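Asks: Got a sequence here, can you build the structure:
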Amino acid sequence: MDNKKPDIKKLMEEKIRILNEAAKAYYVEGREIMSNFEYDKLYDELVALEEESGMILAGSPTQQVGYEVLSELPKEAHPKKMLSLDKTKDRDALAEWLGDQEGLLSWKLDGLTIVLTYNNQKIEKAVTRGNGEIGEVITANAKTFVNLPLSIPFEGELVIRGEAVITYEDFEKINESIPELDAKYKNPRNLCSGSVRQLNSKITAERRVRFYAFSLVSAVASGDGAAASTLLDLAGGNGNAPDFSNSREEQMKWLASQGFDVVEYKRVNRGSVVSIVGEFERAIEHNPVPSDGLVLVYDDIAYSASLGTTAKFPRDAIAFKWRDQIADTTLREIEWSASRTGLINPVAIFDSVELEGTTVSRASLHNISIMEDLQIGIGDTVQVYKANMIIPQIAENLTRSGNLHIPEICPVCGGPTEIHNDTGVRTLFCVNPECAAKKIKSFTHFVARDAMDVDGLSEMSIEKLIAHGILKTPADIFHMDRFKQEIVSMDGFGEKSYEKLIYAAEKASHTTPDRLLYALGVPGIGTANAKVIAKACENSWDRIQNISYGELQTIEGVGEVLARGYRDFFDNIDNQAEIAELLSVLKIDETFEVGQEFMKGLTFVITGSLNHYANRDALVADLEACGAKVAGSVSAKTSYLINNDVSSSSGKNKKAKDLGVPIIDEETVIRWLDKGFYEDPVR
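Replies: Numbering: from 1, shown residues only. Model prediction:
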């Protein structure tokens, strides 16, 4: 008997446990308990142990395709199991894998894989990859993707795969709108995953999710009968079907002609693939869409089909993962950053190093568990890298002194801290309810544009007003006129600043129920949820404050966890006192009107700049209030394209003209909204 086998088995079992916990946290729960670098390292170690021992244990991530999804969305089995890709970090291995074939090299987008089905030109179904065998049906959400065609020219059944993503630009805008540090999203992938799987499609629409097609699964053209239909997963080419000439590149071009954005790709052969990998690498810094590597697939469709699959991987495609640029540096300090919820986040400060063309000197450590796993200590030599060549992370601690002391007092208020253990992840919290950091962040959230909108009351001003004892509760914002002399004499203030502040507070005191609900900082309640709950309560603040746990769960988008947190907040005696104080100074417009849906059945597309509306969302809100739908792309089903530059030669204007869709300006829409009816212009 091989005495090494039991030890190897135990080692494998431990690695499987850690990898599965990390994958479940990342893919299902939207949180990170280890870096990508650590995960890949453990995964490769497990593969080596399996090859050495000849054993593959139950539950091994080298055999699993994914994890069971946990949500209230409908589930659906995929007709064919969706496999993951084998991977390499060796550029020369790509050339060897390609052999004498030609291939397509494309971005491996870092989002959520979606399978779309179109029938008779219209989108019929959208299903997430899920665990590869069973996904979640997210059709209503997919219809809000900003660049997804809801109707296509192809007549028949089309099934494609692609990636739902959120651009870095939109990710940053969304995070900028979230004042509290711990509520900000860690990366675009996590934000996209949560956005696509929302129960309320309006929330998905607000997140500006995009879809990039990367594979045509099948296309069955319409005909007089079953015999006339043609399965176009190979060469294609009769009836209503295009001829793909046995080429995946031709399929990609055809998908683009149907209105889909396809993933950026380049045609490669054995001699060019390594240099073109370099071209992609140099483009990462300016790539607007998150990626975590590249994908190489054979162009020859028939050859690909002849290769078949392994139990886990298709043989006609391979993923390339970037070999991370790692630099050694010295850890100098841990910065502890407190938030309005009390969570205190550790940030590593180290000697500056150059990574991927930029200077890096700090990286988030996320939580105490990760710090303890790394045995972090001041003065340690650590290896740092950029995850996906973007986000600074600590890969390894070479000296592992473990000398770091977890602070027992809050760095902001000096109050006591506690270590919380949430599903195995240890985090540090300040438990002082009077902590200035909590107050500053809470006040900042309360006065934000989408909340009470107190113009000019910045976080720095709030900090000064709290320090001078002027702001203790939110209601104090509307009593600042009692402290004129104190405010005028404060550093950075003066008579004019004071007058502007008082005017802004007076203006903000006239508000709506949904704004107040969002401003209070109820756990999990964003602007969209606040509007939905207010509407369900017909804008009655009394009903909003006293709605029951059971009633909350009948509202679309509000589940058990959200409902429990909501009731816990409003049942708290201190919160009740704070709200009562606010209600004594606020003037809440509880007017609730069932909108006259005179635009029901109309679909609008908006493009170009606006002259009268502050932003596109405001125009969308007015149109939807009148029963209209707003889509992201022009199709035969579009009723009107709104563009102030009617004569523009933009793609949307051209497509509208080709399809005979009327192009109207913003003033026309405003006139219709004012009159309460629309006049169909001559086409």
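Asks: Now Thr527: closest residue in space, sequence neighbours ignored.
Replies: Asp450 (4.9 Å; CB to CB, 6 or more residues apart in numbering). Any C-beta I mention is one placed from the backbone N, CA and C, and that applies to glycine too.
Asks: Any idea how far the longest helix seen in the chain is from the middle of the chain?
Replies: The single longest helix within the chain, with elements called by DSSP state H, is helix 4-27. A distance of 28 Å separates the centroid of the chain from that of helix 4-27, by CA atoms, centre = their mean, to the nearest Å.
Asks: Which elements pack onto it?
Replies: Contacts defined by 3 or more CB pairs under 8 Å, 6 or more residues apart in numbering; DSSP states H and E place helix 4-27 against helix 36-53.
Asks: which is the next helix or strand following the helix it packs on?
Replies: Helices and strands here follow DSSP states H and E; after helix 36-53, the next one along the chain is strand 75-77.
Asks: tell me what the next helix-or-strand element following that next one is packed against?
Replies: Following strand 75-77 in sequence order, the next helix or strand is strand 87-88 (DSSP H and E). Contacts of strand 87-88 with other secondary structure elements, assessed using 3+ CB pairs under 8 Å, 6+ apart, are made with strand 317-320.
Asks: can you give me the offset of the helix or strand that the strand it packs on is followed by from its chain's centre?
Replies: Next in sequence after strand 317-320, counting helices and strands by DSSP H and E, comes strand 327-338. From the chain centre to the centre of strand 327-338 is a distance of 28 Å (CA atoms, centre = their mean).
Asks: Please work out which residues outside strand 327-338 touch it.
Replies: Here strand 327-338 makes contact (CB atoms under 8 Å, 6 or more residues apart in numbering) with 181, 344-355, 362, 365, 371, 376-385, 397-398, 404, 407, 410-412, 428, 430, 435, 437-438.
Asks: Going through these, which ones are buried?
Replies: Taking 16 or more other CB atoms under 10 Å as the criterion, what is buried in the contacts of strand 327-338 is 181, 344-346, 348, 350, 353, 355, 365, 371, 376-377, 380, 382-385, 397, 404, 410, 412, 428, 430, 435, 437-438.
Asks: Tell me where the model's unsure across the stretch 501-650 of the chain.
Replies: 528, 556-557, 593-597, 614 (pLDDT under 70).
Asks: could you pull out the helices for it?
Replies: Taking DSSP state H, counting those that start in this stretch as the criterion, the stretch 501-650 of the chain contains helices spanning 513-519, 527-536, 541-546, 549-552, 560-571, 573-583, 616-625.
Asks: what helices or strands is the fifth one leaning on?
Replies: For helix 560-571, the packing partners by 3+ CB pairs under 8 Å, 6+ apart come out as helix 549-552, helix 573-583.
Asks: Report the distance from the first one to the chain centre.
Replies: Between the centre of helix 549-552 and the centre of its host chain there is 28 Å, according to CA atoms, centre = their mean.
Asks: Only the buried residues of it, if you could.
Replies: Quick answer for helix 549-552 (16+ other CB under 10 Å): Leu552.
Asks: any residues touching that helix, and which ones?
Replies: For helix 549-552, using CB under 8 Å, 6+ apart, the contacting residues are Ile533, Val558, Leu562, Ala563, Arg564, Tyr566, Arg567.
Asks: just to revisit the earlier point, quick check: mean pLDDT of the longest helix of the chain?
Replies: For helix 4-27, mean pLDDT is 74.
Asks: same question, stretch 479-492
Replies: The pLDDT scores in stretch 479-492 average 84.
Asks: tell me which residues in it are buried?
Replies: By neighbour count with 16+ other CB under 10 Å, stretch 479-492 contains the buried residues Met480, Phe483, Ile487, Met490.
Asks: on that earlier part again, may I see the helices of the stretch 501-650 of the chain arranged in TSV, with distance to Thr668 as well?
Replies: Shown next, in TSV, are these (distance: least, CB to CB, whole Å):
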stretch	distance to Thr668
helix 513-519	29
helix 527-536	27
helix 541-546	36
helix 549-552	41
helix 560-571	40
helix 573-583	41
helix 616-625	12
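Asks: Check these for me and report the most buried one.
Replies: Of the helices of the stretch 501-650 of the chain, the one with the most neighbours on average (mean count of other CB atoms under 10 Å) is helix 513-519, at a mean of 24.
Asks: and it, C-alpha only, in CSV?
Replies: What follows is helix 513-519 as a C-alpha-only set of coordinates in CSV (Å, rounded to 0.1, in the frame of the first residue of the first chain):
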residue,chain,number,x,y,z
PRO,A,513,-41.7,59.8,0.3
ASP,A,514,-39.3,57.7,-1.9
ARG,A,515,-36.5,60.3,-1.4
LEU,A,516,-36.9,60.3,2.4
LEU,A,517,-37.1,56.5,2.4
TYR,A,518,-33.8,56.2,0.5
ALA,A,519,-32.2,59.0,2.5
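Asks: Look up how far Ser442 lies from Glu459.
Replies: Glu459 sits 11 Å away from Ser442 when distances are taken as CB to CB, to the nearest Å.
Asks: again, but for Pro74
Replies: For Pro74, the distance to Ser442 (CB to CB) stands at 38 Å.
Asks: between these two, who's got more neighbours?
Replies: Here Pro74 and Ser442 are set side by side on neighbour count (other CB atoms under 10 Å), and the busier one is Ser442, at 22 against 11.
Asks: Surely that one is in contact with Gly521?
Replies: Yes: counting by CB atoms under 8 Å, Ser442 does reach Gly521; the two are 5.9 Å apart.
Asks: roughly how far out does the strand or helix carrying Glu281 sit from the chain middle?
Replies: Per DSSP H and E, Glu281 falls inside helix 273-283. Mean-position distance between helix 273-283 and its chain equals 27 Å (CA atoms, centre = their mean).
Asks: need the strands for the stretch 351-500 of the chain, in chain order.
Replies: Listed from the start of the chain, the stretch 351-500 of the chain has strands (DSSP state E, counting those that start in this stretch) covering 358-364, 381-387, 391-397, 417-422, 425-430.
Asks: by how many degrees do the last one and strand 327-338 diverge?
Replies: The directions of strand 425-430 and strand 327-338 differ by 50 degrees, with axes from the mean of the first three to the mean of the last three CA atoms, to 10 degrees as the criterion.
Asks: elements contacting strand 425-430?
Replies: strand 343-355, helix 368-374, strand 417-422.
Asks: To Ala580, which of these lies closest?
Replies: If you check each of these against Ala580 by CB to CB, strand 343-355 wins as the nearest, at 28.0 Å.
Asks: May I have the closest one as PDB, with CA atoms only?
Replies: As requested, the backbone C-alpha atoms of strand 343-355 are provided in PDB (Å, rounded to 0.1, in the frame of the first residue of the first chain):
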ATOM      1  CA  LEU A 343     -17.300  48.200   9.100                       C
ATOM      2  CA  ILE A 344     -13.500  49.000   9.300                       C
ATOM      3  CA  ASN A 345     -11.700  48.000   6.200                       C
ATOM      4  CA  PRO A 346      -7.900  47.300   6.200                       C
ATOM      5  CA  VAL A 347      -5.800  48.800   3.400                       C
ATOM      6  CA  ALA A 348      -2.200  47.800   2.800                       C
ATOM      7  CA  ILE A 349       0.300  50.700   2.300                       C
ATOM      8  CA  PHE A 350       3.600  49.700   0.800                       C
ATOM      9  CA  ASP A 351       6.700  51.100  -1.000                       C
ATOM     10  CA  SER A 352       5.700  52.200  -4.500                       C
ATOM     11  CA  VAL A 353       6.200  49.700  -7.300                       C
ATOM     12  CA  GLU A 354       5.600  49.800 -11.100                       C
ATOM     13  CA  LEU A 355       3.000  47.300 -12.300                       C
END
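Asks: Now do stretch 101-108, average pLDDT.
Replies: Stretch 101-108 carries an average pLDDT of 94.
Asks: Give the buried residues for it.
Replies: Going by neighbour count (16+ other CB under 10 Å), the buried part of stretch 101-108 is Glu102, Gly103, Leu104, Leu105, Ser106, Trp107, Lys108.
Asks: Show me those residues that map onto strands.
Replies: Within the buried residues of stretch 101-108, residues falling in strands by DSSP state E are Gly103, Leu104, Leu105, Ser106, Trp107, Lys108.
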